[in-house]
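>>> Just the structure for this:
(3 chains)
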Amino acid sequence: MGKDTEEWLTAQQCATRTGLSIRALRLYEQRGLISPRRTTKDWRLYGRSEIERLHEIVALKAFGLSLKDIGALLSGQVTDLGRALDTQRHALEARLRQAETGLRAIDVLRQRFDKGESISTEDLLGLIHTMEGAPETEAATGWARYEQARPRVATSLSHNQMADLEGAWQFADGLVVRTKLVEGKLHFCPPGQPAYRLWAEAPDRFFIKGLPVQVSFTRREGAVVGLNHHQDGGVETAVPIDSASAALAETTLAQRITEQQPLAASAAAIRGVIATHGAADPDFDNLAPALKRLAEEQRDHMAAVLASLGPLQSLDFTRVSDTGLDIFIANFAQGRLEIGIGFAPSGKISTLYFT
DNA sequence: CTTCTAACA
DNA sequence: TGTTAGTA
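Here you go, the predicted structure:
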């Protein structure tokens, strides 16, 4: 094989060859996606490997991935492309559903327009919202789900790097978890569950083996100020709390689990949510912000599910879960759902799941 | 005439 | 990403 027969392209030649702009080439280099060699005059030279990689980048970009995603993929941190394809498919399906609801909304407005009825600016704004609102978010959480599910490689951290990660943490919904060092190994201890060993993939970034869950820590000026729990395409943040407050919260929770009594507000809140999802103009103001975002994304899906189930006939409390959620069984005319609900200190619904 | 960096749109 | 300025 000829060794020195490799052709080296200048920036302009490379740009022409790949269909990219010189500016884009420099941007990709700045983002660490490529690293062309330089001449003594600092001119960039692009070889075979760079051209190959640029073609990969172009393909992945057309595929809808951000430069950040592409960087992660190309740096070898991601090996499971099959899962990437799946999540990308889900993201595209979500956009498809979004487009379909947009089309339906347009058809409705078109019919009213044809009949000579007036169309308010509010109608149009609502239409615009359905069209541009969710797809980006869904694609983003789709990718986040993949990112959280991808295979990970554990590295080891020094004792110093984990010493200040031990403590008690409280989430927005009031739930308290602890992180503990046991024999030099960091553990994540949610209430009512066994301790999970946290494996480091980088300083302040950990994962749990066998679960698509990550735990990371936020620092400000070197001090740890937050614990982030990554799961289901989202992230929940907890703040450090002192040991006494943690103990109080833990005994309160333990008491609720022992007594197995639902919170006074639970049943009414669930009925409210069901009624709201069935309404033409859902209002999610009683949901905490993170949940509100989720609810808006899933509005059509939930509305369809609830519509297929028919009217609610009864709502029966079953138990208090290990994390303090009130679990109900909702009986509908055409089926049943298990529903879990939890509240933030603000009184708004912080957790809600339908099964 | 081209590429470089840096900064701004 | 595009554009522009001032260089080498």
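
>>> going forward, measure contacts between C-alpha atoms and count neighbours the same way
Will do.

>>> Apart from its neighbours in sequence, what residue is nearest A:Ala267?
Excluding its sequence neighbours, the residue lying closest to A:Ala267 (C-alpha to C-alpha, 6 or more residues apart in numbering) is A:Leu315, at 7.3 Å.

>>> contacting residues for the one you found?
Contact partners of A:Leu315, counting by C-alpha atoms under 8 Å, 6 or more residues apart in numbering, are A:Ala267, A:Phe328, A:Ile329, A:Ala330, A:Asn331.

>>> now for the lengthiest helix in chain A, which elements pack on it?
Within chain A, and with DSSP state H defining each element, the longest helix by residue count is helix A:81-114. Judged by 3 or more C-alpha pairs under 8 Å, 6 or more residues apart in numbering; DSSP states H and E, helix A:81-114 is in contact with helix A:121-132, helix A:134-149.

>>> Quick check: bridge partners of the residue nearest to A:Ala267?
A:Ala330 (DSSP bridges).

>>> pLDDT averaged over stretch A:172-192, what's the number?
On average, the pLDDT along stretch A:172-192 is 88.

>>> what about that stretch, start to end distance?
Start and end residues of stretch A:172-192 are separated by 18 Å (C-alpha to C-alpha, to the nearest Å).

>>> Output the below-cut-off pLDDT ranges for the stretch 101-250 of chain A.
Filtered on pLDDT under 70, the stretch 101-250 of chain A yields the residue ranges A:118-151, A:232-234.

>>> residues touching A:Phe171, list them.
A:Glu236, A:Thr237, A:Ala238, A:Val239 are the contacts of A:Phe171 under C-alpha under 8 Å, 6+ apart.

>>> contacts for the helix or strand where the first one lies?
In this case it means A:Glu236. Assigned by DSSP states H and E, A:Glu236 falls within strand A:234-241. Identification of contacts with strand A:234-241 by C-alpha under 8 Å, 6+ apart yields A:141, A:144-145, A:167-172, A:225-230.

>>> Now flag whichever of those residues is closest to A:Gln12.
Comparing the contacts of strand A:234-241 against A:Gln12 with C-alpha to C-alpha places A:Ala144 closest, at 35.9 Å.

>>> which secondary structure element contains A:Thr351?
Short version, using DSSP H and E: A:Thr351 is in strand A:349-354.

>>> Can you name every helix or strand that that strand contacts?
Judged by 3+ C-alpha pairs under 8 Å, 6+ apart, strand A:349-354 is in contact with helix A:289-297, strand A:335-343.
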